[in-house]
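Engineer: sequence-free structure coming up:
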Ligand SMILES: Nc1ncnc2c1ncn2[C@@H]1O[C@H](COP(=O)(O)OP(=O)(O)OP(=O)(O)O)[C@@H](O)[C@H]1O
């Protein structure tokens, strides 16, 4: 079966420095892939290349059978790739429900969107996603009063409102408490029943909880891929990645 996302021989140079070097990856629909690797390995750059934030120097990216290499960021989002950044971008003066309503429309002007609240099925969709993210009791509250964890879950929910077929997340548990991390793991386990995910993560305990497949990057290349057990047993990974963590 072809992957939902197929990255072939991707390269990206900044000036003369090659930061992504012949990187290939296939992500199967319905899986949660954790992208790990030491600092500077090229994880964020890869996410930026997938979402069209930056253009590759060479190589090819195919999503759902469509060549999206070098496509515009909005076109890639419309094709079904959503991204949650590390720093939340919720609208703090709007309620959680209003934030989700705004996110539903792909229009760029949030105030215009607010005038279009009566979209058929919207309330049901908000309720479903709020349930998944355990935010039902917060729907009427202003986003600005949410805890750090709740803000992250709201932003995940906002990406989900856009119905992505593939969702990319940059270090989703950064700054979370132990309890929030546990809850996020539960949310992700539910989420992967309906969405394909790529999660960039440093916390191997969290990776252990959520990953179907772990992809290890090192110096812009694919170092290893497999289950966490396979990755942990791989001597190359131990030396460049886990070894580095143990030494920290
Ligand atoms: N715009 C840029 N110009 C020049 N070099 C860049 C640029 N963006 C990233 N790099 C370099 O590319 C390499 C990969 O960076 P990237 O942020 O993708 O790594 P990462 O694996 O996400 O690291 P971290 O885990 O620390 O976030 C680094 O050496 C970085 O300095």
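Structural biologist: Thanks, I have it. Everything numeric in this text was worked out from a predicted model, so none of it was measured.

Engineer: rest of the way, CA atoms for contacts and neighbours
Structural biologist: Will do.

Engineer: okay, now residue 96: neighbour count?
Structural biologist: 31 (other Cα atoms under 10 Å).

Engineer: Spell out which residues sit in contact with the closest residue to it other than its chain neighbours, please.
Structural biologist: Spatial nearest neighbour of residue 96, chain neighbours left out: residue 139 (4.8 Å); criterion: Cα to Cα, 6 or more residues apart in numbering. By Cα atoms under 8 Å, 6 or more residues apart in numbering, the residues touching residue 139 are 95, 96, 97, 130.

Engineer: try 7 Å
Structural biologist: 95, 96, 97 (Cα atoms under 7 Å, 6 or more residues apart in numbering).

Engineer: Could you measure from it over to residue 169?
Structural biologist: Per Cα to Cα, to the nearest Å, residue 139 is found 23 Å from residue 169.

Engineer: same deal with residue 72?
Structural biologist: Taken as Cα to Cα, the span from residue 72 to residue 169 is 19 Å.

Engineer: Compare those two (neighbour count), which wins?
Structural biologist: The neighbour comparison of residue 72 against residue 169 (other Cα under 10 Å) goes to residue 169, with 21 against 15.

Engineer: Show me what the strand or helix carrying the more buried one is in contact with.
Structural biologist: Residue 169 is located in strand 166-170, with elements delineated by DSSP states H and E. Strand 166-170 is contacted from outside by 80-86, 195-201, using Cα under 7 Å, 6+ apart.

Engineer: 8 Å instead, please
Structural biologist: Residues from elsewhere that reach strand 166-170, judged by Cα under 8 Å, 6+ apart: 44, 47, 80-86, 159, 195-201.

Engineer: Stretch 156-170 - what's its average pLDDT?
Structural biologist: For stretch 156-170, the mean per-residue pLDDT is 94.

Engineer: tell me which residues of it are tucked away?
Structural biologist: Within stretch 156-170, the residues scored as buried using 16 or more other Cα atoms under 10 Å are 156-170.

Engineer: end-to-end on it?
Structural biologist: Terminal residues of stretch 156-170 are spaced 11 Å apart (Cα to Cα).

Engineer: just stretch 56-71 next, same as before
Structural biologist: End-to-end distance of stretch 56-71: 10 Å, with Cα to Cα as the criterion.

Engineer: check whether it contacts the ligand.
Structural biologist: No - judged by Cα under 6 Å from any ligand atom, stretch 56-71 stays clear of the ligand, getting no closer than 12.2 Å.

Engineer: just how off-centre is that stretch within its chain?
Structural biologist: Offset of stretch 56-71 from its chain centre (Cα atoms, centre = their mean, to the nearest Å): 18 Å.

Engineer: Going by neighbour count, list what's buried in it.
Structural biologist: Quick answer for stretch 56-71 (16+ other Cα under 10 Å): 56-64, 68-71.

Engineer: I'd like these as CSV, with pLDDT, distance to residue 205 and secondary structure appended.
Structural biologist: Converted to CSV, the buried residues of stretch 56-71 look like this (pLDDT from 0 to 100; distance: Cα to Cα, whole Å; DSSP: H, G, I helix; E, B strand; the rest coil):
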residue, pLDDT, distance to residue 205, secondary structure
56, 97, 32, coil
57, 96, 34, coil
58, 97, 35, strand
59, 97, 33, strand
60, 97, 32, strand
61, 98, 30, strand
62, 97, 31, strand
63, 97, 30, strand
64, 96, 31, coil
68, 97, 33, coil
69, 96, 33, coil
70, 92, 34, coil
71, 95, 35, coil
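
Engineer: For those residues, give me a markdown table that also has distance to residue 221.
Structural biologist: Converted to a markdown table, the buried residues of stretch 56-71 look like this (distance: Cα to Cα, whole Å):
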| residue | distance to residue 221 |
| --- | --- |
| 56 | 14 |
| 57 | 15 |
| 58 | 14 |
| 59 | 13 |
| 60 | 15 |
| 61 | 15 |
| 62 | 18 |
| 63 | 20 |
| 64 | 23 |
| 68 | 21 |
| 69 | 18 |
| 70 | 20 |
| 71 | 22 |
